[in-house]
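Novice: quick one: sequence and predicted model below, then my questions.
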Amino acid sequence: MLRSCAARLRPLLVAHGRPGGARLTSTFSFEEVTQKDHALPKPSWSKDLRLLFDQFMKKCEDGSWERLPSCSRHSVQRFQNFTKAFFSGSIPVKEEQISQAKFFPRSFEDGLGFEYAMFWSKDEKRIVCLFQGGLYLQGIPGFLHGGALVTLIDTTLGTHAMLAGGAVMTANLSINFKRPMPLCSVGVINTQLDKIEGRKLFVSCNIQSVDEKTVYTEGTGLFIKLEPGKTLV
Ligand SMILES: CCCCCCCCCCCCCCCC(=O)SCCNC(=O)CCNC(=O)[C@H](O)C(C)(C)COP(=O)(O)OP(=O)(O)OC[C@H]1O[C@@H](n2cnc3c(N)ncnc32)[C@H](O)[C@@H]1OP(=O)(O)O
């Protein structure tokens, strides 16, 4: 059943393209897209992930926390707005291909890739991402690939930076792998915004085990706020 990402889709940057440049909405416009929301329990979720999810959904009841929906595709409209706002040159991918393109972390079959749900605390200004790494994310036998962990860190820190600063792109990630994370285990990512300097947003996080006894990975990221009219390519 298609669930709409719309109702709770986080504010998305929508650049209202106009000839000769694009006016960037100063904040955000909500865009109604009807897509499957992947950040909801599925049969492939483990008991641990489901329990954590339920705990955070309870925290959302008083409005202090909010679950961030997560869809797998960009709409053609969003593709047009984004490329018009920030890319002057022609880019290889064509509009008609966008409907087949998928958000990388959401491009695996259920349970085999990244199963995750993010929650945003408005008061504490931080994201908690609950995730389970599936069988197709293997690195060394029986453990998650480091690149898979970087992908999740990039996405989680990027989402935090986006919530804090609008349209951003990753300029730098620094990752320390402290302990190998077993395949199919559940991890919890906690983010924090360390500082903002002009267009630079510095965010950091760690990935812990559910019992908080093991820190698997630590990461920092520098995200740059995109400037309207300043095309990237
Ligand atoms: C799908 C369904 C719906 C989804 C709904 C959305 C929800 C889901 C959210 C997902 C969240 C995204 C998660 C993926 C995010 C990526 O993975 S983005 C892809 C990877 N990143 C890239 O491709 C970026 C490539 N780099 C660039 O385009 C450009 O270098 C940048 C980053 C835009 C910056 O270029 P620029 O705008 O020209 O800015 P520039 O003047 O070079 O630098 C600005 C400042 O940053 C500094 N700086 C720049 N780079 C660096 C660096 N590497 N180190 C240190 N300082 C730096 C500069 O020194 C300068 O500092 P100041 O002089 O101001 O002090």
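Specialist: Thanks, I have it. In this text, all values refer to a predicted model and were calculated from it rather than measured experimentally.

Novice: helix, strand or coil for Gln132?
Specialist: Three-state assignment for Gln132 (DSSP: H, G, I helix; E, B strand; the rest coil): strand.

Novice: all helices of this structure, in order?
Specialist: In the chain, the helices defined using DSSP state H lie at 47-60, 76-86, 95-98, 146-165.

Novice: of those helices, which is nearest the ligand?
Specialist: The ligand sits nearest to helix 146-165 of all those, at 2.8 Å, using Cβ to the nearest ligand atom. C-beta coordinates here come from the backbone N, C-alpha and C atoms, glycine included.

Novice: helices or strands up against that closest one?
Specialist: Helices and strands touching helix 146-165, by 3 or more Cβ pairs under 8 Å, 6 or more residues apart in numbering; DSSP states H and E, are strand 114-121, strand 126-133, strand 168-177, strand 186-197, strand 200-209, strand 215-225.

Novice: buried residues in the last one?
Specialist: So the one you mean is strand 215-225. If you call a residue buried by 16 or more other Cβ atoms under 10 Å, then strand 215-225 has these buried ones: 216-225.

Novice: picking up where we left off before, need the helices of the chain in TSV (columns: mean neighbour count and mean pLDDT).
Specialist: Below are the helices of the chain laid out as TSV (neighbours: other Cβ atoms under 10 Å; pLDDT from 0 to 100):
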stretch	mean neighbour count	mean pLDDT
helix 47-60	15	98
helix 76-86	19	87
helix 95-98	12	86
helix 146-165	21	98
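
Novice: please identify the residues of this protein in proximity to the ligand?
Specialist: Within reach of the ligand by Cβ under 6 Å from any ligand atom, the chain has these residues: 12, 71, 74, 103, 154-155, 158-159, 162, 169-172, 198-200, 222, 224, 227, 230, 232.

Novice: what's the neighbour count on Phe119?
Specialist: 21 (other Cβ atoms under 10 Å).

Novice: offset the numbering so it begins at 16, please.
Specialist: With the count now opening at 16, the last piece we talked about shows up as Phe134.

Novice: bridging residues for it?
Specialist: Arg82, Val143 (DSSP bridges).

Novice: just to revisit the earlier point, and the helices and strands packed on helix 161-180 as JSON lines, adding distance to Leu159?
Specialist: As requested, the helices and strands packed on helix 161-180 are arranged in JSON lines below (distance: least, Cβ to Cβ, whole Å):
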{"stretch": "strand 129-136", "distance to Leu159": "10"}
{"stretch": "strand 141-148", "distance to Leu159": "4"}
{"stretch": "strand 183-192", "distance to Leu159": "10"}
{"stretch": "strand 201-212", "distance to Leu159": "9"}
{"stretch": "strand 215-224", "distance to Leu159": "10"}
{"stretch": "strand 230-240", "distance to Leu159": "8"}
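
Novice: switch those over to JSON lines; also include distance to Val108 and mean pLDDT.
Specialist: Output for the helices and strands packed on helix 161-180, formatted as JSON lines (distance: least, Cβ to Cβ, whole Å; pLDDT from 0 to 100):
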{"stretch": "strand 129-136", "distance to Val108": "22", "mean pLDDT": "98"}
{"stretch": "strand 141-148", "distance to Val108": "28", "mean pLDDT": "98"}
{"stretch": "strand 183-192", "distance to Val108": "17", "mean pLDDT": "98"}
{"stretch": "strand 201-212", "distance to Val108": "29", "mean pLDDT": "98"}
{"stretch": "strand 215-224", "distance to Val108": "27", "mean pLDDT": "98"}
{"stretch": "strand 230-240", "distance to Val108": "22", "mean pLDDT": "98"}
